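A.B. asks: can't give you the sequence, but here's the structure:
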């Protein structure tokens, strides 16, 4: 089983900084921005992104978390999962430009669930999606507005995202792929929940 | 968890999972849209063989907030009151597509018999069986205690070191039993206080301390929580104690006794209350009383229980 | 149906191997290497020969409860368990409190032919515990009742109990008491103790049994009457009986097979197969009962065979009926709990399951020694097999056995009643065959009674 690192710690940091700049450019500044991460690692990235946006723009950008467990479309297929906290910043999300943040975008189902969750939390003016890695294979018509790295993968491969606050070290790696025939195609992700 | 039949079966991890998910469910009540789509398309039946508007409404609210469809089956006036067996009722519900059955029954063990019988595939939630258990009551009581003690930092915390005193008709109380198991699992210490006639002859398997004198108990144990249980009028006819006045005098939380409690002690009651008998207005209406919190928390906890028993693939057994 | 059997190479309870030749209901020859001329041979090599077992406590449910058992089906269950005589409790519907009902039950048993059915008469009318029933009429009837019991209910009124003890004494009978103080067992569902507190089931305290036994042995002593205590279930009861016997009080006691093996822990599943009255108790009680059976404080094993329909058992605990079937499994359970543990030898088993019950219940013609001229009431038991007890081993109408799925030792291979086989090769013989054999025996008895030289021409009962 071969594992190769595709993003190092430095790569991750650069990608997030670039995304922060892209967001500010596309939004013409920080006004109305609310950054919400999808647990678990999306929240870590959201915190970092929010800090970055605040520091670049000089204006504090609110950060929160939106848990999607209760909105998933695959609940009946798996053992019950425990939920994670949803916390919105004090100003809420009505009329805001919400930037949803997750680590890996894959099938798009997690983001669909997040949009559902958002709709019962308020009415944003707009919702944008920022992800660290887009690995393709969308099953729903969902696309990311801001991408750290595009990583075309085969379904036989697995993506691992490790972030210091959660895992201790920092990297994005791919496991498997060409030369590893005969492995099951639909192996569940462990390094980052498929989006 | 496939069913929730008793708190005696819950491990510490299971119990904490229920309480933590309850935190998220409680959050839903603060949102604009107080509803989750999680159990959409699921049918939950409230199978209540005993009158209980409060608990039934609580489960109904919980199920509806998860977008489940709710059917209320009250035994009075139905085929059950004409002698339909538990087996036939259960199979009728299964044939109507019940995914979850919330059952309150006067026979201890009836939910266990139903769960083990093979008559239904549905998840069974025990809403009170005879004098045996009332697990969701204990869970909402523990949730309430945890929130009062740890506040916003409750998630993941247990009740380690908490001194809890349960006062009243322990012998006939499923609330007392469920609380005894759960509180000990969560690290609390439980003392029960009652006249000897209202205590089981041998409490050794419940792991609680036993006292007869409430004033001595308060003074020596210095409880963090005092939970008053409802005294039923029928007990006076069966020679458990002479009359209401004597019961209230010795085991009721009257104004003076309430004042003797440590200043931070919270007062709990599963409801409905007999004001003036086991609990006074002073105690029931003070800021240290959690009675209304318990009701509100009941919906969140029952949402968590319904989610955990009905949402997943239901392969795991409890 | 053949009337001549040669049982070959059976082992008696004292360890000797012998052949037994049975003809026309009687043991006609004993010894090794008997001739098999004209006899149907039963190969008993390796099998234990016991006197036909006698149950002092069976519920045959007929009349009135035929949904769960009849005299015929209960007799078949008894034969399957190695029994040749059963005493049928009086809590039928109508209650066996008149000569008419007891004579009917006996007649049904004789016609079925599997076992001698000795009806027990109720102590009080309708089992209501207020007025004595027609004890004299039942004693003088064709059923010749000698055991009287309100089993299912306790004769709790002390004055009525005193009167009943005295009155039954006048007919040479014995009163068998179901010891349960009703005021202490209102709403009782299981043994009262730590487990009942945990399970939220109403408690049946040991003192409710012990206090009645204590009162009754003192009453029996005072009026000079015999007392028999049904289904003793607690260590405390054993202590009381031991004390009473040490004082010379004429009391006998029985224990059920289930109280020798099972404890209240089984109730935690709320499976009503384990619901019985008196309830399953603690391991200490089981141990005390085994020791008591071994030392004679408890005289006999009696099954309290209590069949119930599936509707009566397949429900929540509170609503379920009390009782377990036990005729078919009794010998195996005693084998496992008393013989395999070294507490009883097989001669003791013969005593507690045949000889002593026949004596206490005055069941003539059963529990007799193995000797030429004695009635051929015999059981052949294979000690060396083990079986997982299953519904196929039940021969009555009901299935409420607590032993289903348990490994039990031994198996009855053959049972002989009045010299004909009711069980052969481990299978219960079909009802028409047994009924015909019973007719032949009855005809023979009528002939014998009609002969001028007959000594008991008047109302000869069980032969």
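C.D. replies: Cool, the structure landed. Keep in mind that what you see is a predicted model, and the values were worked out from it rather than measured.
A.B. asks: wouldn't residue C:366 be in contact with residue C:85 here?
C.D. replies: Yes. With contact defined as Cβ atoms under 8 Å, residue C:366 reaches residue C:85; the gap is 4.5 Å. (Glycine included, C-beta is placed from N, CA and C.)
A.B. asks: okay, those two: which has more neighbours?
C.D. replies: residue C:85 (28 against 25; other Cβ atoms under 10 Å in any protein chain shown).
A.B. asks: Tell me which helix or strand that one sits in.
C.D. replies: Counting by DSSP states H and E, the element that carries residue C:85 is strand C:83-88.
A.B. asks: ok, then the element right after the helix or strand hosting residue B:21?
C.D. replies: Counting by DSSP H and E, the element that carries residue B:21 is helix B:12-28. The C-terminal neighbour of helix B:12-28 among helices and strands, as given by DSSP H and E, is strand B:43-48.
A.B. asks: Show me what that next one is packed against.
C.D. replies: Judged by 3 or more Cβ pairs under 8 Å, 6 or more residues apart in numbering or on different chains; DSSP states H and E, strand B:43-48 is in contact with helix B:53-65, strand B:69-74, helix B:86-95, strand B:100-105.
A.B. asks: on that earlier part again, if we go by neighbour counts, what in the helix holding residue B:21 is buried?
C.D. replies: Buried residues in helix B:12-28, counted by 16 or more other Cβ atoms under 10 Å in any protein chain shown: B:14-28.
A.B. asks: biggest helix in chain C, by residue count?
C.D. replies: Counting residues, the longest helix found in chain C (DSSP state H) is helix C:431-450.
A.B. asks: helices or strands up against that helix?
C.D. replies: helix C:99-112, strand C:420-424.
A.B. asks: With adjacent residues omitted, what lies nearest to the residue in the stretch 201-350 of chain C positioned nearest to chain B?
C.D. replies: Nearest to chain B, among the residues of the stretch 201-350 of chain C, is residue C:270, at 3.2 Å (Cβ to the nearest Cβ). Leaving aside its sequence neighbours, residue C:270 sits nearest to residue B:109 (Cβ to Cβ, 6 or more residues apart in numbering or on different chains; 3.2 Å).
A.B. asks: wait, doesn't the one you found sit right on residue C:316?
C.D. replies: Yes. Residue B:109 is in contact with residue C:316 according to Cβ under 8 Å; the separation is 6.4 Å.
A.B. asks: Comparing the two, which shows the higher neighbour count?
C.D. replies: Set residue B:109 next to residue C:316 and count neighbours by other Cβ under 10 Å: residue B:109 wins out with 29 against 24.
A.B. asks: who touches that one in this structure?
C.D. replies: Shown in contact with residue B:109 (Cβ atoms under 8 Å, 6 or more residues apart in numbering or on different chains): B:129, B:130, B:132, C:199, C:200, C:201, C:270, C:316, C:317.
A.B. asks: of all those residues, which comes closest to chain A?
C.D. replies: Nearest to chain A out of these is residue B:129 (Cβ to the nearest Cβ; 23.7 Å).
A.B. asks: burial count for the closest one?
C.D. replies: Using other Cβ under 10 Å, the number of residues around residue B:129 comes to 30.
A.B. asks: quick one: contacts for it?
C.D. replies: Residue B:129 sits next to B:103, B:104, B:105, B:106, B:107, B:108, B:109, B:110, B:111, B:112, B:174, C:200 when contact means Cβ under 8 Å, 6+ apart.
A.B. asks: SS state for the closest residue to the second one other than its chain neighbours?
C.D. replies: Distances taken as Cβ to Cβ, 6+ apart place residue B:127 nearest to residue B:104, at 4.1 Å, with adjacent residues excluded. When the structure is reduced to helix, strand and coil (DSSP: H, G, I helix; E, B strand; the rest coil), residue B:127 reads as strand.
A.B. asks: measure residue B:127 to residue B:133 for me?
C.D. replies: Separation of residue B:127 from residue B:133 (Cβ to Cβ, to the nearest Å) stands at 10 Å.
A.B. asks: Now the spatially most central residue of chain A: closest residue in space that isn't a chain neighbour?
C.D. replies: For chain A, the residue nearest the mean C-alpha position is residue A:102 (0.8 Å; Cα atoms, centre = their mean). The spatial neighbour of residue A:102 that comes closest, neighbours along the chain excluded (Cβ to Cβ, 6+ apart), is residue A:42 at 4.0 Å.
A.B. asks: Pull out the buried residues from stretch C:425-432.
C.D. replies: Neighbour counts over stretch C:425-432 (16+ other Cβ under 10 Å) mark C:428, C:429 as buried.
A.B. asks: Am I right that residue C:253 sits in a strand?
C.D. replies: Yes. Residue state for residue C:253 (three-state DSSP) corresponds to a strand.
A.B. asks: Correct me if wrong: it contacts residue C:299.
C.D. replies: Yes. If you go by Cβ under 8 Å, residue C:253 and residue C:299 touch, sitting 5.8 Å apart.
A.B. asks: Shouldn't the residue nearest to the centre of chain A be within a strand?
C.D. replies: Yes. The assignment for residue A:102 (three-state DSSP) places it in a strand.
A.B. asks: circling back to that earlier point, please enumerate the shared neighbours of residue C:366 and residue C:85.
C.D. replies: Common neighbours of residue C:366 and residue C:85, counting by Cβ under 8 Å, 6+ apart, are C:52, C:54, C:116, C:358, C:377, C:462.
A.B. asks: The fifth one: neighbour count?
C.D. replies: Applying the criterion other Cβ under 10 Å, we find 29 residues in the vicinity of residue C:377.
A.B. asks: Tally up the residues packed near the residue nearest to it when sequence neighbours are not counted, please.
C.D. replies: Nearest non-adjacent residue to residue C:377, counting by Cβ to Cβ, 6+ apart: residue C:52, 3.4 Å away. Residue crowding around residue C:52 was assessed by other Cβ under 10 Å; the count is 29.
A.B. asks: ditto for residue B:56
C.D. replies: Residue B:56 has 21 nearby residues by other Cβ under 10 Å.
A.B. asks: Quick check, it in contact with residue B:70.
C.D. replies: No. The criterion here is Cβ under 8 Å, and residue B:56 misses it with residue B:70 at 9.7 Å.
A.B. asks: Overlap in contacts, the two.
C.D. replies: Overlap of the contact sets of residue B:56 and residue B:70 (by Cβ under 8 Å, 6+ apart) consists of residue B:46.
A.B. asks: more crowded one of residue B:127 and residue B:133?
C.D. replies: The neighbour count for residue B:127 versus residue B:133, taken as other Cβ under 10 Å, is higher for residue B:133 (32 against 29).
A.B. asks: give the contact list for residue C:245.
C.D. replies: With Cβ under 8 Å, 6+ apart, residue C:245 has these contacts: C:251, C:297.
A.B. asks: So it belongs to a helix, correct?
C.D. replies: Yes. Assessed with three-state DSSP, residue C:245 lies in a helix.
A.B. asks: Quick one: name the residues of chain A near chain B.
C.D. replies: Chain A comes close to chain B at residues A:67, A:70-71, A:75-86, A:116, A:119-122, as judged by Cβ under 8 Å from any Cβ of the partner chain.
A.B. asks: got the contact list for the residue nearest to residue A:31 when sequence neighbours are not counted?
C.D. replies: Among residues not flanking residue A:31 along the chain, residue A:59 sits closest, at 7.8 Å (Cβ to Cβ, 6+ apart). Neighbouring residues of residue A:59 by Cβ under 8 Å, 6+ apart: A:29, A:30, A:31.
A.B. asks: So which residues of chain B form strands?
C.D. replies: Using DSSP state E, the strands of chain B run over B:43-48, B:69-74, B:100-105, B:123-129, B:163-167, B:189-193, B:209-211, B:225-228, B:266-268.
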